[in-house]
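*Asks:* please find the sequence and the predicted model below.
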Amino acid sequence: MIAIEVAAVLFLATVIRSAFGFGEALVAVPLLALAIPVEVAAPVAVLASITVALIVVVQDWRSIHIRSAVWLVVPTLFGIPIGLIVLKTVPEAVVKAVLAAVIIVFSVWSLTPRAHFHLENDRLAGFFGFLAGILGGAYGMNGPPLAMYGSLRQWPPANFRATLQGYFLPASLAGMAGYWMAGLWTPVVSRFYLLSLPGMLLGIYLGRLMNRRMHARQFVLYVHAGLIAIGLLLLVQAL
């Protein structure tokens, strides 16, 4: 019964990740933690992340903005230690409230008719990658800064999805290496992952179909709606 629940959660999270390129972390870990311990849920979710990223990178490598992905990944490595310090020193409610406010204001502004600002190049990629590293190191939430950056670059849906996976693949591999060194990659983790793999593969396929069928404007609306939902969830958690 527990294995079925885990598989269902990972299927849902995989569809979201495959369709939009981000957002599965706030679905997978909280829901998995209702059925299995967090120390099992977290590495299982990271293995799922690696699976999605690897398949998308192999399938759609031509859609990846390699330069952008590199400029996002490298600063992340420097941001992770800062995130660990934030985790230990700054009250979680404060960080989540500030992050929620920034995400909500950004997405609401981006959806207004007069919001024409966008980034022409990767000069600010390091900033967003560094911020993603901080949030990833502190709370495992790399996605929102990356989604904000992709939105500002005005990437088409296919490029948005593929480039974010080009980021998540090395980042998730590094995270899984950390779990392995900490002794958290256990046989139980592998068992839940392998039992959920067929559903995850189906979820990746369905998410890819959804991504391919969305028009650019429709995709932007969905991305910002997802960011606003994440912001509201963080705000509720901060209260």
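*Replies:* Perfect, thanks for sending it.
*Asks:* which secondary structure elements does the helix or strand of the chain with the lowest mean pLDDT contact?
*Replies:* When the helices and strands of the chain are scored by mean pLDDT, DSSP states H and E, helix 25-32 comes last with a mean of 74. Packing partners of helix 25-32 (3 or more C-beta pairs under 8 Å, 6 or more residues apart in numbering; DSSP states H and E): helix 2-20, helix 38-59. All C-beta spots, glycine's among them, are computed from the backbone N, C-alpha and C.
*Asks:* distance check, the residue nearest to residue 10 when sequence neighbours are not counted against residue 229.
*Replies:* In space, and not counting its chain neighbours, residue 10 is closest to residue 196: 4.4 Å by C-beta to C-beta, 6 or more residues apart in numbering. Noted for residue 196: a distance of 24 Å to residue 229, by C-beta to C-beta, to the nearest Å.
*Asks:* neighbour-wise, which of the two wins?
*Replies:* Between residue 196 and residue 229, counting by other C-beta atoms under 10 Å, residue 196 is the more crowded of the two (25 against 15).
*Asks:* which other helices and strands does the helix ranked longest in the chain contact?
*Replies:* In the chain, taking DSSP state H as the definition, the longest helix is helix 187-213. The contact analysis (3+ C-beta pairs under 8 Å, 6+ apart) places helix 187-213 against helix 2-20, helix 38-59, helix 157-181.
*Asks:* between those, which one is nearest to residue 100?
*Replies:* helix 2-20 (19.0 Å; C-beta to C-beta).
*Asks:* give the buried residues for that closest one.
*Replies:* Buried residues in helix 2-20, defined by neighbour count with 16 or more other C-beta atoms under 10 Å: 6-7, 9-20.
*Asks:* export those residues to JSON lines and tack on distance to residue 222 and pLDDT?
*Replies:* Listed next are the buried residues of helix 2-20 as JSON lines, based on distance: C-beta to C-beta, whole Å; pLDDT from 0 to 100:
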{"residue": "6", "distance to residue 222": "26", "pLDDT": "89"}
{"residue": "7", "distance to residue 222": "25", "pLDDT": "90"}
{"residue": "9", "distance to residue 222": "21", "pLDDT": "88"}
{"residue": "10", "distance to residue 222": "21", "pLDDT": "91"}
{"residue": "11", "distance to residue 222": "19", "pLDDT": "92"}
{"residue": "12", "distance to residue 222": "16", "pLDDT": "86"}
{"residue": "13", "distance to residue 222": "16", "pLDDT": "86"}
{"residue": "14", "distance to residue 222": "17", "pLDDT": "90"}
{"residue": "15", "distance to residue 222": "13", "pLDDT": "87"}
{"residue": "16", "distance to residue 222": "10", "pLDDT": "84"}
{"residue": "17", "distance to residue 222": "13", "pLDDT": "84"}
{"residue": "18", "distance to residue 222": "13", "pLDDT": "85"}
{"residue": "19", "distance to residue 222": "8", "pLDDT": "82"}
{"residue": "20", "distance to residue 222": "7", "pLDDT": "79"}
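*Asks:* tabulate these (CSV), appending distance to residue 31.
*Replies:* Below are the buried residues of helix 2-20 laid out as CSV (distance: C-beta to C-beta, whole Å):
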residue, distance to residue 31
6, 9
7, 12
9, 5
10, 9
11, 11
12, 8
13, 8
14, 13
15, 13
16, 12
17, 14
18, 17
19, 18
20, 17
